[in-house]
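S.K.: next come a sequence and a model predicted from it.
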Amino acid sequence: MSTPPPHLHGLRFAFGTLSVLPVKVSRWDRETARGGMLCAPLVGAVLGCAAAASALFLLFLGTGPLLAAVAAAAVPAVLTRGLHLDGLADTADGLGSGRPAEDALRIMKQSDIGPFGVITLVLVLLAQIAALARLYDGSWARGALATVVAAVAARLALTLAARTGVPAARPEGLGAAVAGVVPVPGAVAVALAVTGVAAAAGALLGTDDLARTALAVLAALAAAEVLLRHCVRRFGGVTGDVFGGLAETAATTALVVLSLG
């Protein structure tokens, strides 16, 4: 069997770790992790398109915007086995515990979900579905665009969180594997490219949508950055759970901004 070209290892890493798609990850070195985190927004684009297609199919069947919104929120969760939602809940439990970093990290590693995690999951999913329902009720095109943009922004937040200078909280795990692997100029270049493409897609629906879409991506990254810095101060670095929390925070923020106006 032929060996995949080097530039494909990063793509394999991205899809193999950030989705349930049947992609085998054959390399786990830092170089491959760097390529994978730079490609993370592409995973978001694929998952977002799948979610938007599911929502539009339900709209076509006449189910209404609320069920379409539920599908748009559920499909990315299914295609990641709830990876990011689980990380969000664990991060909320760790932050809400008020314990020292070592104890908080131990709480986050436990398999059960505490009250802070449950409340956070409920509120975040309600916010996502409410925003998506409003968007799909107003326009199927804006709903579909928002679904894709939120999924891409969520994974773009991971690219920025994996930049050089952000330490890992633990010596093992996915967080340690990707922490600090992306050079800052590369992370910024990907962020600018994604924002530009998102704005161009929004421009197809009108000038207001161009500005709103670009603002949604930037607001999503800003919200994720606030959480990232808090987690680094609180835990001493990032973990796989923190990455999940960042993704869901960015997605929710993007959807809320896109639903305004």
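M.R.: On my side now, so go ahead.
S.K.: elements contacting the longest helix seen in the chain?
M.R.: The residue-count maximum for a helix in the chain (DSSP state H) belongs to helix 207-235. Helix 207-235 sits against helix 83-96, helix 101-109, helix 140-161, helix 184-203, helix 240-259, with contacts defined as 3 or more C-beta pairs under 8 Å, 6 or more residues apart in numbering; DSSP states H and E. (Glycine included, C-beta is placed from N, CA and C.)
S.K.: check which helices and strands the fourth one sits against.
M.R.: Judged by 3+ C-beta pairs under 8 Å, 6+ apart, the packing partners of helix 184-203 are helix 30-38, helix 140-161, helix 207-235.
S.K.: for that helix, which outside residues touch it?
M.R.: Identification of contacts with helix 184-203 by C-beta atoms under 8 Å, 6 or more residues apart in numbering yields 34, 38, 41, 145, 148-149, 152-153, 156, 159-160, 162-165, 209-214, 216-218, 221.
S.K.: which among the residues you listed count as buried?
M.R.: Among the contacts of helix 184-203, those classed as buried by 16 or more other C-beta atoms under 10 Å are 34, 38, 41, 145, 148-149, 152-153, 156, 159-160, 162-163, 209-210, 212-214, 216-218, 221.
S.K.: what packs against the strand or helix carrying Leu132?
M.R.: Per DSSP states H and E, Leu132 falls inside helix 115-138. Judged by 3+ C-beta pairs under 8 Å, 6+ apart, helix 115-138 is in contact with helix 40-61, helix 65-78, helix 83-96, helix 140-161, helix 240-259.
S.K.: nearest to His230, out of those helices?
M.R.: helix 83-96 (7.4 Å; C-beta to C-beta).
S.K.: and the angle for the closest one with helix 207-235?
M.R.: 50 degrees (axes from the mean of the first three to the mean of the last three C-alpha atoms, to 10 degrees).
S.K.: now do helix 83-96: which elements does it pack against?
M.R.: Checked by 3+ C-beta pairs under 8 Å, 6+ apart, helix 83-96 has helix 65-78, helix 101-109, helix 115-138, helix 207-235, helix 240-259 packed alongside it.
S.K.: no more questions from me, cheers.
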